[in-house]
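In: Next come a sequence and a model predicted from it.
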Amino acid sequence: MPYLTAVVLAITAVPSLLQFVIPGLEPAWARDPAAIAAHGQWWRLATALLVQDGGPFGTLVNLGFLAVLGHLAERALGRPRWLVLYAAGAVAGETAGYLLNQPGAGNSIALCALAAGLAVSSAGRLERSVGAFYAIVSGAWLLADLGVWGVVAMVALAAAGAQLVAHRARVPEWLFPAVPAVAAVALTGVPDLHGPALLSGLIVGWLWELPSREPPEPVADGVAASG
C-alpha cells in the first residue's frame, strides 16, 4: 500500500484546499523572495509546498499527479528513494525560485524530481513513461502565458507527450530519461525553477543506480563458485 504517498498527499491537500476558504492563506504561506530576504521568513520555502498558486484547476492537477507519481514511485523505487527524490526537488526548486526572485507556491517542483527519478531508474516502462510525460507537462504550462496560441501549443505538446505512455512498449528505452533531461536544460535556460528540480531528480536517480551498474568482480581461475 502507498502509505507514504497517502500521508504526503493528505498533508499537502488539506492546506491546498483550505486556501480557497481561508482568505490570505496562500499568500501567507507562498514563497516570497522579498519577504524572505527582508524579514527572514525562511519557513516560506517549506510552506510554499503545501499551497498552490495555480487556482482550482492547478491545485487538482498537482494533487492528482502527486497521487499518481507518488504511488508509482513508492511501488517501483521504494520509500527511501521516494523521500530523497521529493526532498531533492523541493530543495532545488525552492532554492532556484528564491535566487531567481520568482514568488509562487506549489508542490510541482517536488513532483518534477519524482518524475525524473522514475524516468531514469525505474525498471517498468509504465513508470518511466509517466515520469517522462510529467516532465513534458511541467514545461508545457509556460506556454499558457502566450495567449490563445500558447494554450493550443500547450495542449498539443501535452497530447504528444501522452503518446509516450500510450505507446510505451514501442518507445526506445533511451527516450524516457532523455525527455526530462531536455526539459531540465530548456527550463533552466528560460529560466524556470522546474528546470533545476528536474535536474535534481535526474542526478539522484542516476547516482542511486550507480552501484547496481558496476560490473561484477572477476572470479579467479580455478575458484569454483559456491552454492
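Out: Sure thing, it's come through.

In: C-alpha only now, for contacts and for neighbours.
Out: Will do.

In: Just the CA atoms of stretch 119-127, as CSV, please.
Out: Output for stretch 119-127, consisting of C-alpha atoms alone and laid out as CSV, is shown next (Å, rounded to 0.1, in the frame of the first residue of the first chain):
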residue,chain,number,x,y,z
ALA,A,119,12.2,8.1,-15.9
VAL,A,120,15.8,7.3,-15.0
SER,A,121,15.8,4.5,-12.6
SER,A,122,12.5,2.6,-12.7
ALA,A,123,12.5,-0.8,-14.2
GLY,A,124,9.0,-0.6,-15.6
ARG,A,125,8.0,1.1,-18.8
LEU,A,126,4.8,2.4,-17.4
GLU,A,127,6.6,4.2,-14.6
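
In: For that stretch, give the mean pLDDT please.
Out: For stretch 119-127, mean pLDDT rounds to 94.

In: And for stretch 131-138?
Out: Here stretch 131-138 scores 94 as its mean pLDDT.

In: now do stretch 17-30
Out: Per-residue scores along stretch 17-30 average to 96.

In: One more: stretch 100-109?
Out: Confidence over stretch 100-109, taken as the mean pLDDT, stands at 95.

In: Other residues contacting that stretch?
Out: Residues outside stretch 100-109 that contact it (CA atoms under 8 Å, 6 or more residues apart in numbering): 26, 29-34, 48-54, 62, 89-90, 93-94, 97, 138, 191, 193-194, 197-198.

In: do that again at 6 Å, thanks
Out: Stretch 100-109 has contacts (CA atoms under 6 Å, 6 or more residues apart in numbering) with 30-33, 48-49, 51-53, 89-90, 93, 194, 197.

In: what about the helices in the chain?
Out: Counting by DSSP state H, one finds helices in the chain at the ranges 3-18, 25-29, 33-39, 44-47, 55-77, 79-99, 108-121, 125-140, 148-166, 175-189, 194-213.

In: Could you list every helix and strand that the shortest one packs against?
Out: I take that to be helix 44-47. Here helix 44-47 is seen to pack against no other helix or strand when contacts are counted using 3 or more CA pairs under 6 Å, 6 or more residues apart in numbering; DSSP states H and E.

In: Return the distance of that helix from the chain's centre.
Out: A distance of 17 Å separates the centroid of the chain from that of helix 44-47, by CA atoms, centre = their mean, to the nearest Å.

In: CA atoms only: put it into CSV for me.
Out: What follows is helix 44-47 as a C-alpha-only set of coordinates in CSV (Å, rounded to 0.1, in the frame of the first residue of the first chain):
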residue,chain,number,x,y,z
ARG,A,44,8.0,30.0,3.4
LEU,A,45,10.4,27.8,1.5
ALA,A,46,8.7,24.8,3.2
THR,A,47,5.1,26.1,3.4
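
In: Tell me the spacing between residue 67 and residue 186.
Out: Taking CA to CA, to the nearest Å as the measure, residue 67 and residue 186 are separated by 26 Å.

In: Neighbour count for these two, which is higher?
Out: residue 67 (18 against 15; other CA atoms under 10 Å).

In: Flag every buried residue along stretch 9-19.
Out: Of the residues in stretch 9-19, those scored as buried under the neighbour-count criterion (16 or more other CA atoms under 10 Å) are 9, 12-13, 15-17, 19.

In: This completes my enquiry, with thanks.
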